[in-house]
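Peer 1: have a look; sequence and predicted model below, questions after that.
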Amino acid sequence: MNTASYRLKEVRIVGGFLDGINYRFSDKLNCIIGARGTGKTTFLEFIRYALNAMPKDTAAQKRIKSIVENNLDGGRIDVLIETREGVSYTISKSSGEQPKVIKADGSPSGLNFTPSLFRLDVFSQNEVENIAGQSMSQLALIETFNQEVFTSLNDKISELRSALVANSETMANQSKKICELSDKISRLPGLTAQLKELSAETTEISADVNRALDQKAIRDRENIYVEDLQKLYSETAGKLKSLKDYIESALCWKSQAGLEDGDNFEMIQKLRNELVLSNDAINSGLEAIIEELRRSNRRFNEIKAALRLKHDEADIIYSKLLEKNKAEQAKSAERRKLDKERNALLIMQNELGETQRQQERVRTERAQMLSELSEALDLRFAHRKQIVDRINSELMPTIRVSIQQFGNHDKYQEFLASALSSCGIYHNQVARRLSDLIAPSQLAELVRNQDEKTLYEKTQLNSNQTKAVISRLNDERLLADMEVVDLPDLPKIELNDHDTYKTTNTLSTGQKCNTILPILLLDSERPLLVDQPEDNLDNGFVRKTIVDSILRVKQHRQLAFVTHNPNIPVLGDAEHILVLDSDGTHGVMRNCGTVDECKADIVDLLEGGAEAFIQRKNRYSY
């Protein structure tokens, strides 16, 4: 047995239908047998539930949880494991609770149970057949061969996709703001021209008056700018004050009712008090920061007062100049009015420029994230391709596996069909054609460039359809979302049927299982648990292919199968067999041991009894 492997050592059930069951696993082949209704499937699903090895499909998760709730009945599942590093733990889990990680000496480890601590592959009844018909399940199967690498890559890809979605929302908000500001400042050129005309009409006014008018306009802009600066003090103070007593306020809603009589209430109090102390320390730090903000605001106000004094002095001089030039007062008043409007628009223009610069930074961040996403997707595909090559090296020519990067266009097609649904064209047909012929990033570029000609050449859509596609998709948020739409890799698993390779979706149920099971039975560091692997298989295939694979793989990999087929435990030479029985209310361990020790049970349960076995033997004249 490879020492760098995960191993199941023992399972103990406390309470419920299988109360009292205690089974020690062999490091090689384990078989669970019994009549219908004795708890074989329940036993396997208990292990799956306790070790958080649940399927991704929500319906399957619900089914397993129902089995656990109905059969554990408030009890507990203890699974003794050995990690790849050779460290032993007991994983203890009750229905609806998180698993507890207990050290070999019975003391708590303080660890949270995560898949990285212990990995195994579990397949419920009919799950093997379902893999054959679902490309995403086939990808998941491929990833089981290097789960740690794929978990890390998939997490990174998910994080990047989430960040890109948030990025597109930010860009959409910025684009909206840019559009609104651009619309408002569209009056600026006309207003500037009016001021120039007015200035030309007042050329006879003295240079002092003209300069006074210019400076008055600048002072107005200075006042607006200073008020904007001062708002930062109140906004910052408000945010800092909102953090004061945040923990204390939240603690008011964390009731300790019902905990006072517990053995650990003193520790609960210590935990709560630690937060209270933290709240006090944070308040103290915030108060120091707020005080510094107040001091800065006072210095700011002193400078502001000095500036106001200078403004007042200049305004007095300005007023006196206007009084000396009463003939030009009306024009000066009009100019002041236009200057105020222009000042407001100039502030908006500055805001527009800043928003555009911010958006450019967001675009740069987006380009970087898209590059990182592309690299992560390429790396994931490369790892998947390595595994596909390994499978082919071991199973060809009987089974052949291939994988096409970004080959699954279903989500892309759904996205386009939804976006084009109100265009008055055959949107499903157009979406299918687009998704088959042009990548999302290329389509986004063509839409942004309004390139109807290239879109037509690539897709052969008619003129109306081409125009409708570009018109409807020409939305920054839509295009941003389209750029990151998920294009999963597309695996293809084929069975050599009389020298003709057939894909799994064209195979019979039995052939589907014939194709998937040999892949499951390849070498791995993770234990493999399967509920009735022989379902839908003929005995010839079980004997020639499955048993031969078991005999080879069990030397390096721990196996546990629920089975009704005698070929698996007998010809597979099972090192340990669990025989379950039931009185209709509870399941019990009827026997446990090697093939020889459980021979009578195997004959009775899997061969139909000694008499039936002997009659068949005589009938065959052996």
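Peer 2: Ah, there it is.

Peer 1: now do the stretch of helix or strand Arg552 belongs to: everything it contacts.
Peer 2: Element membership for Arg552 (DSSP states H and E) is helix 547-553. When contacts are defined by C-beta atoms under 8 Å, 6 or more residues apart in numbering, helix 547-553 is touched by residues Leu29, Leu517, Pro518, Leu521, Leu522, Asp523, Leu559, Asn567, Ile568, Leu571, Gly572, Asp573. Every C-beta, even on glycine, is put in place using the N, C-alpha and C of the backbone.

Peer 1: Tyr412 versus Glu607, what's the distance?
Peer 2: Applying C-beta to C-beta, to the nearest Å, the value for Glu607 to Tyr412 is 53 Å.

Peer 1: looking at the two, which one has more neighbours?
Peer 2: Neighbour count, other C-beta atoms under 10 Å: between Glu607 and Tyr412, Tyr412 has more, with 23 against 15.

Peer 1: the more buried one contacts Val484, doesn't it?
Peer 2: No - Tyr412 lies out of contact with Val484 (C-beta atoms under 8 Å); the separation is 10.8 Å.

Peer 1: any idea which helix or strand carries Asp535?
Peer 2: Element membership for Asp535 (DSSP H and E) is empty, with no helix or strand holding it.

Peer 1: contacting residues for it?
Peer 2: With contact taken as C-beta under 8 Å, 6+ apart, Asp535 is in contact with Gln125, Asn126, Val128, Glu129, Cys513.

Peer 1: equivalent analysis for Ile470, please.
Peer 2: Shown in contact with Ile470 (C-beta under 8 Å, 6+ apart): Leu446, Val447, Gln450, Asp451, Glu452, Leu455.

Peer 1: helix/strand/coil for the closest residue to the third one other than its chain neighbours?
Peer 2: In other words, Gln450. Nearest non-adjacent residue to Gln450, counting by C-beta to C-beta, 6 or more residues apart in numbering: Ile470, 6.0 Å away. Following DSSP: H, G, I helix; E, B strand; the rest coil, Ile470 is assigned to helix.

Peer 1: mutual contacts of Tyr412 and Val484, please.
Peer 2: Common neighbours of Tyr412 and Val484, using C-beta under 8 Å, 6+ apart, are Pro440.

Peer 1: quick one: least confident helix or strand in the protein?
Peer 2: Lowest by mean pLDDT, DSSP states H and E among the helices and strands of the chain is helix 188-201, with a mean of 73.

Peer 1: mind listing what's buried in that helix?
Peer 2: Leu188, Leu191, Gln194, Leu195, Leu198 (16 or more other C-beta atoms under 10 Å).

Peer 1: can you spell out which helices and strands pack onto whatever helix or strand Glu354 lives in?
Peer 2: Taking DSSP H and E as the criterion, Glu354 maps to helix 329-395. Judged by 3 or more C-beta pairs under 8 Å, 6 or more residues apart in numbering; DSSP states H and E, helix 329-395 is in contact with helix 135-143, helix 147-184, helix 188-201, helix 207-243, strand 399-404, helix 509-520.

Peer 1: tell me which stretches of the stretch 401-550 of the chain form helices.
Peer 2: Counting by DSSP state H, counting those that start in this stretch, the stretch 401-550 of the chain has these helices, from start to end: 410-419, 427-437, 440-448, 452-459, 463-473, 476-483, 509-520, 539-541, 547-553.

Peer 1: just these: most buried one?
Peer 2: helix 509-520 (a mean of 21; mean count of other C-beta atoms under 10 Å).

Peer 1: switch the helices and strands packed on helix 329-395 over to JSON lines; also include distance to Arg384.
Peer 2: Shown next, in JSON lines, are those (distance: least, C-beta to C-beta, whole Å):
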{"stretch": "helix 135-143", "distance to Arg384": "5"}
{"stretch": "helix 147-184", "distance to Arg384": "8"}
{"stretch": "helix 188-201", "distance to Arg384": "56"}
{"stretch": "helix 207-243", "distance to Arg384": "46"}
{"stretch": "strand 399-404", "distance to Arg384": "6"}
{"stretch": "helix 509-520", "distance to Arg384": "13"}
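
Peer 1: check those for me and report the most buried one.
Peer 2: Neighbour counts (mean count of other C-beta under 10 Å) averaged over each of those peak at helix 509-520, with a mean of 21.

Peer 1: could you give the angle of that one to helix 329-395?
Peer 2: Between helix 509-520 and helix 329-395, the angle comes out at 90 degrees (axes from the mean of the first three to the mean of the last three C-alpha atoms, to 10 degrees).

Peer 1: so how far is helix 509-520 off the chain centroid?
Peer 2: Offset of helix 509-520 from its chain centre (C-alpha atoms, centre = their mean, to the nearest Å): 30 Å.

Peer 1: only the C-alpha atoms, please, for that helix, written as CSV.
Peer 2: Extracted in CSV, the C-alpha atoms of helix 509-520 (Å, rounded to 0.1, in the frame of the first residue of the first chain):
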residue,chain,number,x,y,z
THR,A,509,-26.8,2.2,-20.0
GLY,A,510,-24.6,-0.8,-19.6
GLN,A,511,-22.0,0.5,-22.1
LYS,A,512,-22.0,3.9,-20.3
CYS,A,513,-21.0,2.1,-17.1
ASN,A,514,-18.5,0.0,-19.0
THR,A,515,-16.8,3.2,-20.1
ILE,A,516,-16.8,5.2,-16.8
LEU,A,517,-15.9,2.5,-14.3
PRO,A,518,-12.4,1.7,-15.7
ILE,A,519,-11.6,5.4,-15.3
LEU,A,520,-12.7,5.4,-11.7
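
Peer 1: which strands and helices sit next to it?
Peer 2: For helix 509-520, the packing partners by 3+ C-beta pairs under 8 Å, 6+ apart come out as helix 127-133, helix 135-143, helix 329-395, strand 399-404, strand 490-497.

Peer 1: what's the mean pLDDT across that helix?
Peer 2: For helix 509-520, the mean pLDDT works out to 89.

Peer 1: which strands or helices does the least confident helix or strand of the chain pack on?
Peer 2: Helices and strands touching helix 188-201, as assessed by 3+ C-beta pairs under 8 Å, 6+ apart, comprise helix 329-395.
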